[in-house]
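Peer 1: Sequence and predicted structure, then a few things I'm wondering about:
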Amino acid sequence: MWTGNGNVEIVRVLGIDEAGPGDLTFVSNPKYASKARTTKASAVIVSPDFPEIPAPSLRHANPYLIFARAIELFYEAPRLAAGIDSAARIAATAMIGEGASIGPFVVIEDNVQIGRNSTIYPFVHIARGARIGDHFKAYANVSVREFCQIGNNVILQDGARIGADGFGYAKRDDGSYYKIAQSGIVVLEDDVEVGANATIDRATIGETRIHRGVKIDNLVQVGHSSEVGENTLLCAQVGLGGSSKVGRSVILTGQVGVAGHLEIGDRVVATAQSGIPNSVEPDKIISGYPAIENRLWLKSSAVFKRLPELLKRIEALEKNGAQSGSPKSSP
């Protein structure tokens, strides 16, 4: 629902602090109402129950989503030239769908299949037997290893590594380590995005599977034979040990670590730098190391700062108790 002057001209989209005349901005949190009242932006996207503001406003139940859609109206990312660059090396047995844009120094090996409208930037390597769906986008220096499977509408940011060997070794009697062949694959389902320099290891046997709609941030490590459920978010520097099973709509925020062979239930949220050594039931919010229920962690962390003071008080009480309990001298 639009309120205010409907004839304002919008030329770009900016954040609330930078926006000026001709700009569209958004506010989703009522605590920023004061900024919305004083902004110089020509229009503001807000929620239906947001306080009234002087600027014209577009009210919607999900202002952040509308803001994201608005950005697309004013910004078009640079596109790779259509066609296959002469410096790309593509095996004769590879099958590339129509509408491809493939940059220089791309290497696509034997028996690879890639669907329609792929965009593959320079120095991407796709190893033999990989199967990739429609509308695939791989930025520079991406690697997709042999026989991995990728669905439709998948985006791999610069330097992502799909299907590198998992960390598997058997210890010999002399203490050295014998490398276990990583014979499995990685499966990325539809609408997955993998951030820059993230790594998803192939399974020892079977598959590492990233389900539909998962978004993986930069520098994330997914260990071999893991499974990540639909619409889960793995934020920067998250690490999943091998054979981790993460449920649907989970949010693991920055630098969360998950030990291997654990199950994280649906809709779990782990706050930043949490360490998870045990399986977690669905619908929990957890924090700390070892990760515990968030409210308990907040109470505990409040106590941590007082530990030196509490220790002094305990020592004083013990000292007074010892003095009061000492035997009296004979008259």
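Peer 2: In hand now; what should we look at? Residues are numbered from 1 along each chain as shown.
Peer 1: Please name the residues that touch S244.
Peer 2: Neighbour list for S244: 222-223, 226-227, 258-262, 264 [criterion: Cβ atoms under 8 Å, 6 or more residues apart in numbering]. In short, each C-beta sits where N, CA and C put it, glycine included.
Peer 1: Apply 10 Å and report the result again.
Peer 2: With contact set as Cβ atoms under 10 Å, 6 or more residues apart in numbering, S244 has these partners: 208, 222-228, 258-264, 276, 279.
Peer 1: what do you get for Y169?
Peer 2: Applying Cβ under 10 Å, 6+ apart, we find Y169 in contact with 176-180.
Peer 1: Give me the subset of the contacts of S244 that lies in strands.
Peer 2: Among the contacts of S244, the members falling in strands (DSSP state E) are 208, 222, 227-228, 258, 263-264, 276.
Peer 1: and which of those residues is nearest Y139?
Peer 2: Among the ones in strands among the contacts of S244, V222 lies closest to Y139 (Cβ to Cβ), at 18.7 Å.
Peer 1: Quick check, pLDDT for the closest one.
Peer 2: At V222, the predicted lDDT confidence score is 98.
Peer 1: The one 4 residues further on now?
Peer 2: In this prediction, S226 carries a pLDDT score of 98.
Peer 1: likewise the one 10 residues further on?
Peer 2: The model reports A236 with a pLDDT of 98.
Peer 1: and the closest residue in space to it that isn't next to it in sequence, how many neighbours does it have?
Peer 2: Nearest non-adjacent residue to A236, counting by Cβ to Cβ, 6 or more residues apart in numbering: D217, 4.4 Å away. Neighbourhood size, D217 [other Cβ atoms under 10 Å]: 20.
Peer 1: Next, D217: phi, psi?
Peer 2: The phi/psi pair for D217 (degrees, to the nearest 10) reads phi -80, psi 180.
Peer 1: that older thread, can you tell me which of the contacts of Y169 are in strands?
Peer 2: Members of the contacts of Y169 lying in strands (criterion: DSSP E): 177-179.
Peer 1: neighbouring strands for the helix-or-strand element of the chain with minimal mean pLDDT, and are they parallel or not?
Peer 2: The helix or strand of the chain with the poorest confidence is strand 2-3; it has a mean of 80 (mean pLDDT, DSSP states H and E). Each strand that pairs with strand 2-3, with its direction, by DSSP bridges: strand 57-59 (antiparallel).
Peer 1: Report the buried residues of the partner strand.
Peer 2: 57-59 (16 or more other Cβ atoms under 10 Å).
Peer 1: Equivalent analysis for stretch 55-74, please.
Peer 2: In stretch 55-74, counting by 16+ other Cβ under 10 Å, buried: 55-60, 63, 66-67, 70.
Peer 1: And stretch 26-33, by the same measure?
Peer 2: Using 16+ other Cβ under 10 Å as the test for burial, stretch 26-33 gives 26-27, 32.
Peer 1: and if you look at stretch 41-59?
Peer 2: Residues 41-47, 50, 53, 55-59 are the ones in stretch 41-59 that count as buried (16+ other Cβ under 10 Å).
Peer 1: So for stretch 12-26, what gets flagged as buried?
Peer 2: By 16+ other Cβ under 10 Å, the buried positions in stretch 12-26 come out as 13-14, 16, 19, 23-26.
Peer 1: quick check, nearest of those to K305?
Peer 2: Nearest to K305 among these, counting by Cβ to Cβ, is I16 at 33.7 Å.
Peer 1: The closest one and K35, how far apart?
Peer 2: Between I16 and K35 the distance is 5 Å, computed by Cβ to Cβ, to the nearest Å.
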